[in-house]
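Engineer: Starting from these lines, generate the structure:
(one chain, ligands or ions: 1)
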Amino acid sequence: MFNKITVVGAGNVGATAAQRLAEKNLARSIVMVDVVEGVPQGKALDQWQSGPVEGYDTRVLGTNDYDAAQGSELFVVTAGIARKPGMSRDDLVKTNAGIVKSVSEQIKRVAPDSLVIVVSNPLDAMCYVAFKNTGFPRERVFGMAGVLDTARYRMFLGEALDVSVEDISAMVLGGHGDTMVPLVSYTTVSGIPVSQLIEPERLQAIVDRTRNGGAEIVAHLKTGSAYYAPSSAAVQMVEAIVLDKKRVLPCSAWLQGEYGLKDVYCGVPVKLGRRGIEQIVQITLTPDEQAALRRSADAVRELTDKLKI
Ligand SMILES: NC(=O)c1ccc[n+]([C@@H]2O[C@H](COP(=O)([O-])OP(=O)(O)OC[C@H]3O[C@@H](n4cnc5c(N)ncnc54)[C@H](O)[C@@H]3O)[C@@H](O)[C@H]2O)c1
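Structural biologist: Below you'll find the predicted structure:
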């Protein structure tokens, strides 16, 4: 296990992620930092007190002071505002860029050797802000989106085919937005190509629903956005790192020519282990998928260009 993991932001995603990390015994201590006084302290104490019942010894500490995060091996950054109905993820860019910049400067100060998983939206642009403001190498700054988008896609497929989600292997690439790219050509059920099991129109409807997966939940909740599945997805990435599992998962990574894309954060398959991104895995895409990935990266670049960092 790690000695210390810090979750920045004690809101819906951050607090749920902290709880899941504690329950999985992935670190000796989980630190939760937020700007609101009392909230991280209260939520952390409450979570720590579930340890005797759930059977974990993880200490959960809530604070407004980054000094408590000193020496953390890994940060999960969830600080920022979330979407409300009618808002796109991109509408959050200015506010969250300021927040993620200040968080990144604190991370660099208290834990210059750490790994950073960005969750705040708009995801790929916020990865860029964290990358620039920590100055860390790309292996140590990456984003969670593809694992969540893939989980949604697998859940919808599992429901439609009435099969276990465990048997569905799939990957959603691209930016975390309407331009995301579910890879139909690599979707299988226990090795069987999905196209042999479902009609093209039904599959297309699932792809479309996946692209709108976040907005569907925002429309239900009205205040705030999804957090159970997002926190699970972030914790799956943490687990791959802490246990050095070398899992191949879709994550937002700073691309340097891979997939024909350069100087942009975009969701691609990566190998996650103790050192963070240990490899960007390059796979062959169909011409349509390659074109969709490029469009998605262009949309991310358009947004990050507005930040003028
Ligand atoms: N990448 C993804 O797939 C994904 C999925 C879900 C949510 N998100 C994003 O994650 C972010 C958090 O979502 P949420 O539902 O937890 O929102 P939330 O409003 O419940 O929590 C955000 C928390 O951040 C805190 N915060 C604000 N500024 C801060 C700062 N400078 N330092 C520390 N904490 C600060 C707030 O006080 C609040 O507690 C949003 O930007 C949301 O869009 C991303």
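
Engineer: Which residue ranges of this structure form helices?
Structural biologist: 12-23, 39-48, 51-54, 93-110, 123-134, 146-161, 200-211, 213-221, 228-242, 287-307 (DSSP state H).

Engineer: and Asn121, what does it touch?
Structural biologist: Gly80, Ala82, Arg83, Arg89, Leu92, Asn96, His176 (Cβ atoms under 8 Å, 6 or more residues apart in numbering). For glycine as for every other residue, the C-beta is placed from the backbone atoms N, C-alpha and C.

Engineer: 7 Å instead, please
Structural biologist: The contact partners of Asn121, by Cβ atoms under 7 Å, 6 or more residues apart in numbering, come to Gly80, Arg89, Leu92, Asn96.

Engineer: Let me have those residues in JSON lines, adding pLDDT as columns.
Structural biologist: Putting the contacts of Asn121 into JSON lines (pLDDT from 0 to 100) gives the following:
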{"residue": "Gly80", "pLDDT": "95"}
{"residue": "Arg89", "pLDDT": "84"}
{"residue": "Leu92", "pLDDT": "88"}
{"residue": "Asn96", "pLDDT": "95"}
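
Engineer: most neighbours, which of those?
Structural biologist: When neighbours are counted by other Cβ atoms under 10 Å, Arg89 leads those with 26 neighbours.

Engineer: I'd guessed that residue sits against Gly177; true?
Structural biologist: Yes: with contact defined as Cβ atoms under 7 Å, Arg89 counts as touching Gly177 (5.7 Å).

Engineer: got the residues of the stretch 1-150 of the chain near the ligand?
Structural biologist: Contact residues (Cβ under 6 Å from any ligand atom) of the stretch 1-150 of the chain with the ligand: 8-14, 33-36, 78-83, 92, 96, 99, 102-103, 119-121, 123, 144-145, 148.

Engineer: ok, the closest residue to the ligand within the stretch 201-309 of the chain to Gln49 distance?
Structural biologist: Per Cβ to the nearest ligand atom, Pro230 is where the stretch 201-309 of the chain lies closest to the ligand, at 3.4 Å. To Gln49, Pro230 is 24 Å away according to Cβ to Cβ, to the nearest Å.

Engineer: So for these two, which sits in the more crowded spot?
Structural biologist: Pro230 (25 against 10).

Engineer: isn't the more buried one right up against Asn12?
Structural biologist: No: counting by Cβ under 7 Å, Asn12 is not a contact partner of Pro230; they are 8.5 Å apart.

Engineer: For the nearest residue to Val181 once chain neighbours are set aside, give me the pLDDT.
Structural biologist: Distances taken as Cβ to Cβ, 6 or more residues apart in numbering put Gly174 closest to Val181, at 3.9 Å, once the chain neighbours are dropped. On pLDDT, Gly174 comes in at 95.

Engineer: residues contacting Gly174?
Structural biologist: Taking Cβ under 7 Å, 6+ apart, we find Gly174 in contact with Met180, Val181, Cys266, Gly267, Ala292, Leu293, Ser296.

Engineer: Look up which residues are beta-bridged to it.
Structural biologist: Gly174 has these beta-bridge partners by DSSP bridges: Gly267.

Engineer: separation between it and Gly213?
Structural biologist: Look at Gly174 and Gly213: by Cβ to Cβ, they are 14 Å apart.

Engineer: try Thr187
Structural biologist: Counting by Cβ to Cβ, the gap from Thr187 to Gly213 is 16 Å.

Engineer: Can you tell me, leaving aside adjacent residues, what's nearest to the closest residue to the ligand within the chain?
Structural biologist: Per Cβ to the nearest ligand atom, the residue of the chain with the smallest distance to the ligand is Gly11, at 1.7 Å. Spatial nearest neighbour of Gly11, excluding adjacent residues (Cβ to Cβ, 6+ apart): Thr78 at 6.6 Å.

Engineer: Repeat that for His176.
Structural biologist: Per Cβ to Cβ, 6+ apart, closest to His176 is Ala145, 3.3 Å.

Engineer: Now the phi/psi pair for that neighbour, please.
Structural biologist: Main-chain torsions, Ala145, degrees, to the nearest 10: phi -160, psi -50.

Engineer: Could you pull up the residues touching Ser231?
Structural biologist: Ser231 touches Val13, Thr16, Ala17, Arg20, counting by Cβ under 7 Å, 6+ apart.

Engineer: quick one: which of the residues you listed is nearest to Glu278?
Structural biologist: Ala17 (22.4 Å; Cβ to Cβ).

Engineer: who are the neighbours in contact with the closest one?
Structural biologist: Taking Cβ under 7 Å, 6+ apart as the test, what Ala17 contacts is Val7, Val76, Thr78, Ser231, Ala234, Val235.

Engineer: repeat for Ile81
Structural biologist: By Cβ under 7 Å, 6+ apart, the contact set of Ile81 is Leu92, Thr95, Asn96.

Engineer: Much appreciated, bye for now.
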